[in-house]
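>>> Take this sequence and fold it.
(chains A and B)
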Amino acid sequence: MNRNNQLSGVAIVGTRARGGIYAVIENHIQAGVYEGYEHYFIASHDEVGIVNRVILALTSLFTLISLIIRGKISVCHLHGSMKGSIYRKSTFVFVCRLLGCKVIFHLHGSEFAKTYEKRGGIYKRLVRYVLNQSDNVFVLSDYWKTYVETISVNTEIHVINNFPAPVYETLYDTREYSKKSTTELLFLGYIGQRKGIYDLVEAVALLKARGIEGFHINVGGNGEVDKLKALVAERDLTQYFNVIGWVSGDQKHQLLKQSDLLLLPSHNEGLPIAILEAMSAGLAVLSTRVGGIPDAISDERYGLLVEPGKPEDLANAISRYLDTKGLIKSVTRNARELYDEVYSAQANVAKIRTVIDRLKHKRKKKVLAVASKGGHSIQLMRLKPVLDQYDTSYVSSQHYDGMDNFTRVTDANRNSKFRLMLLFFQVLWIVIRKRPNIVISSGAAPGYFTVLCGKLLGAKTIWIDSIANAEELSMSGQRAGKFADLWLTQWPEVAHENGPKYGGRVL
Amino acid sequence: MILLTVGTQLPFDRFVKLVDEWACKNPEVEILAQIASGTYTPKHMEYVDYLDEKRYAEVFEKAEVILAHAGMGSVISSLIASKPVIVYPRKASLGEHRNEHQLATCQKLSYLKGCYIAYEPEALFTTLDELSSLEGGSINPYANDDLLATIDNFIAG
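Presented below is the predicted three-dimensional model:
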């Protein structure tokens, strides 16, 4: 088996609580973002009690460390909204940096800017740490990109749109707008003031007062369902509203199919998936100028936007859709084109994969070259032209010319058990710290330990027995053979089947 | 000057003593011996238990000829620096090393230019007597292409 493929795995870290972020993660996996890479989802958060949250956070951290140390992953796709999760996320970023794993920080959450402005210095510093130390930052829109650029020096900030599952795309071709007498409007999202549902009630009351008819609104979502129902009844608007509650699956599919217009008068947003689903399915959008929404609906060709919290503007926009012949049809056509180009799964999967591929490609293989001082080190340095092509660190009990990225270890041989033990732990720590892809040694105790530790932690290992051993392998060479993926002697006479091979010599 | 080194792992008194005998008869030749805490104390040449890295590099640079046990570090360094190296192997039979690999190494090294192997005291003295006629070798600073290719192919995998 080729261990390189294992090394190219990706860890996905984020919440498993039902809702936006987890949906995005599931969607990424299903849409094939990680296809061809081993991928591991690590839940770092859930909507459970505080004790279980802490346990989950710690478990996820150890899982991540274990995956990195065992060489299963080289990239971590870390999802966060930067609210309570900042402490978890900074720890994950810290661990990845320490162990040499690349990090993509994927910033979600509509409240991010508000929270950042409000919070104190430590919180701000942690946020900047996460943003600056991640190799790449993914944000949900141009708006967030601009914002993040004001607080972070990271130059690798990419807009990755949350894309909807492509399941509604086929609905676009089933539209027959002109044949309907009633225009079907759809509200899909959390039922509460945050998503502007009460503005919508006010707006409909205004429309009713103006005597405008010929429309009907289905409301799907969780939240203040009963409160909304009561309000609709109180304002005598039941002929306009059908409050359904939480919808999913077939019911949601049916609603998207039968509706002409999506209403989302939010007060605060990233870029809601519901809007993108509407664009894919052929519903015209009526929403607000908040968060990432104006980036998607950049002008009236793609939909109508109003200021949040202004029921009258909302009412006017609804009546514009109802009154202007062909408006819904042209808006949906333009929006669908934009969707295909920018917001579809196809477009965004390609973008994410490019970043992941590049992070992996940029990663030169890490080589740990190890020898004891004297002849072993001098033989090792004769491989320098090859070692220089990689990201090589040297370990020896003495420094020699050309040993860049050098770590000194204690000088030990079999005559001193205590020193050998010390050396073993030094070497183990170096291997854990450096996470080499390749361990290469020309001999003796430090080399033997490194090949052993490297092998256990998933590195490919090379043992080159010293040229001094022309008739039989050295003792360390015999022992290291068990852990060496490439086991070499410098003398053809010493090579044999099931033993070391001859592959050239240092002279 | 001449640098005598027995490496840093084990003393090699027999060798040091022989060279010291020769030094007695050739007082005009300046010799510095690194004797790795040997029990024999040279009387006719300068000596030190260990040279630190920096000092060793200086002395090595200055030396015209290297006298060494058959340790690959000393031998390869001498060849790279084009300094003649006189090699006197340790014998495990005399308790000077763990096994007889130095003898085996010497047989393999004998074909290398610049490498003068002495198995017995007489040969060592003869070679030392011809000190001024010894020539340094010249080897590539790096391993042979076969080994570099073997390693590179494996790492690139």
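
>>> can you give me the helices for chain B?
B:13-25, B:53-62, B:72-80, B:101-109, B:121-129, B:145-156 (DSSP state H).

>>> do the third one and chain A meet at all?
What that stands for is helix B:72-80. Yes. Using Cβ under 8 Å from any Cβ of the partner chain, helix B:72-80 reaches chain A at B:72-77, B:79. Glycine gets a C-beta too; all of them are placed from N, C-alpha and C.

>>> Name the residues that touch stretch A:87-101?
The contact list for stretch A:87-101, computed with Cβ atoms under 8 Å, 6 or more residues apart in numbering or on different chains, reads A:11, A:13, A:44-45, A:57, A:60-61, A:64-65, A:68-69, A:73-76, A:78, A:80, A:82, A:102-103, A:105, A:126, A:129-130, A:133-134, A:366, A:432-435.

>>> same thing but 6 Å
Stretch A:87-101 is contacted from outside by A:13, A:44, A:57, A:65, A:68, A:76, A:78, A:80, A:103, A:126, A:129-130, A:133, A:435, using Cβ atoms under 6 Å, 6 or more residues apart in numbering or on different chains.

>>> Which two of these have the greatest separation?
Farthest apart among the contacts of stretch A:87-101 by Cβ to Cβ are A:126 and A:435. That separation is 24.6 Å.

>>> The two: which has the busier surroundings?
Comparing residue A:126 with residue A:435 by other Cβ atoms under 10 Å in any protein chain shown, the one with more neighbours is residue A:435, at 22 against 18.

>>> Compute the distance between that one and residue A:67, please.
Per Cβ to Cβ, to the nearest Å, residue A:435 is found 11 Å from residue A:67.

>>> likewise residue A:378?
Per Cβ to Cβ, residue A:378 is found 37 Å from residue A:67.

>>> so residue A:103 is in which element?
Here residue A:103, judged by DSSP states H and E, is contained in strand A:102-107.

>>> Then residue A:56?
Following DSSP H and E, one finds residue A:56 within helix A:50-69.

>>> Give the rounded mean pLDDT of stretch A:438-449.
The average of the pLDDT scores along stretch A:438-449 is 92.

>>> List, one by one, the residues from chain B near chain A.
B:7-8, B:53, B:71-73, B:76-77, B:101, B:104-105, B:108, B:142-144, B:146-148, B:150-152, B:154-155, B:157 (Cβ under 6 Å from any Cβ of the partner chain).

>>> one more time with 8 Å, if that's ok
Checking chain B against chain A by Cβ under 8 Å from any Cβ, the hits are B:7-9, B:53, B:70-77, B:79, B:98-99, B:101-102, B:104-105, B:107-108, B:112, B:139, B:141-152, B:154-157.

>>> what residues are up against the most centrally placed residue in chain A?
Geometric centre of chain A, nearest residue: residue A:77, 2.8 Å, by Cα atoms, centre = their mean. Residues near residue A:77 by Cβ under 8 Å, 6+ apart: A:10-13, A:28, A:104, A:106, A:356.

>>> Give me the buried subset of those residues.
A:10-13, A:28, A:104, A:106, A:356 (16 or more other Cβ atoms under 10 Å in any protein chain shown).

>>> Which of the residues you listed fall within helices?
Short answer: these in helices (DSSP H) are A:28, A:356.

>>> Show me what counts as buried in the one helix or strand in chain B whose mean pLDDT sits lowest.
In chain B, the helix or strand scored least confidently by mean pLDDT, DSSP states H and E is helix B:101-109, which has a mean of 85. Buried residues in helix B:101-109, counted by 16+ other Cβ under 10 Å: B:101-106, B:108-109.

>>> how about residue B:101, what does it touch?
Applying Cβ under 8 Å, 6+ apart, we find residue B:101 in contact with A:468-472, A:474.

>>> Top of these by number of neighbours, please.
When neighbours are taken as other Cβ under 10 Å, the top entry among the contacts of residue B:101 is residue A:469 (24 neighbours).

>>> Same question for that residue, what's its three-state structure.
coil (DSSP: H, G, I helix; E, B strand; the rest coil).

>>> Next one: it relative to residue B:106, how far apart?
In terms of Cβ to Cβ, residue A:469 sits 13 Å off from residue B:106.

>>> ok, now residue B:56?
Separation of residue B:56 from residue B:106 (Cβ to Cβ): 23 Å.

>>> Also residue A:260?
Between residue A:260 and residue B:106 the computed distance is 93 Å (Cβ to Cβ).

>>> which residues does residue A:366 bridge with?
Here residue A:366 sits in beta bridges with residue A:391, as judged by DSSP bridges.

>>> contacting residues for it?
Applying Cβ under 8 Å, 6+ apart, the residues contacting residue A:366 are A:100, A:390-393, A:434-438.

>>> Nearest residue to the spatially most central residue of chain B in space, ignoring adjacent ones along the chain?
By Cα atoms, centre = their mean, chain B has its centre lying nearest to residue B:68, at 1.8 Å. Once flanking residues are discounted, residue B:68 sits nearest to residue B:74: 3.6 Å by Cβ to Cβ, 6 or more residues apart in numbering or on different chains.

>>> ok, that neighbour - contacts?
A:375, B:5, B:7, B:66, B:68, B:85.

>>> quick check, nearest of those to residue A:328?
For those, the nearest to residue A:328 is residue A:375 (82.1 Å; Cβ to Cβ).

>>> That closest one: neighbour count?
For residue A:375, the count of nearby residues is 27 (other Cβ under 10 Å).

>>> got it, and residue A:318?
When neighbours are counted by other Cβ under 10 Å, residue A:318 registers 25.

>>> now it: how far from chain B?
Residue A:318 is 63 Å from chain B, where distance means Cβ to the nearest Cβ, to the nearest Å.

>>> Residue A:79 too?
Distance of residue A:79 to chain B, given as Cβ to the nearest Cβ: 32 Å.

>>> my guess is that residue contacts residue A:15, does it?
Yes. Residue A:79 is within contact range of residue A:15, at 7.3 Å (criterion: Cβ atoms under 8 Å).

>>> re the thing from before, buried among the residues of chain B next to chain A? Need that as a selection in ChimeraX.
What follows is the ChimeraX syntax selecting those of the residues of chain B next to chain A that are buried according to 16+ other Cβ under 10 Å:
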select /B:7,8,9,70,71,72,73,74,75,76,77,79,101,102,104,105,108,112,139,142,143,144,147,148,150,151,152,154,155
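
>>> on that earlier part again, ok, of the contacts of residue A:366, which come out buried?
Buried by 16+ other Cβ under 10 Å: A:100, A:390-393, A:434-438, out of the contacts of residue A:366.

>>> Just the ones of those residues in helices?
By the criterion of DSSP H, membership of the buried ones among the contacts of residue A:366 in helices covers residue A:434.

>>> Can you name the residues that contact residue 63?
Unless you meant another one, I'm taking chain A. A:40, A:42.

>>> Chain B was what I was after
Contact partners of residue B:63, counting by Cβ under 8 Å, 6+ apart, are B:1-3, B:32, B:83.

>>> Which of those residues are buried, as a ChimeraX select command?
Buried subset of the contacts of residue B:63, written as a ChimeraX selection, criterion 16+ other Cβ under 10 Å:
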select /B:2,3,32,83
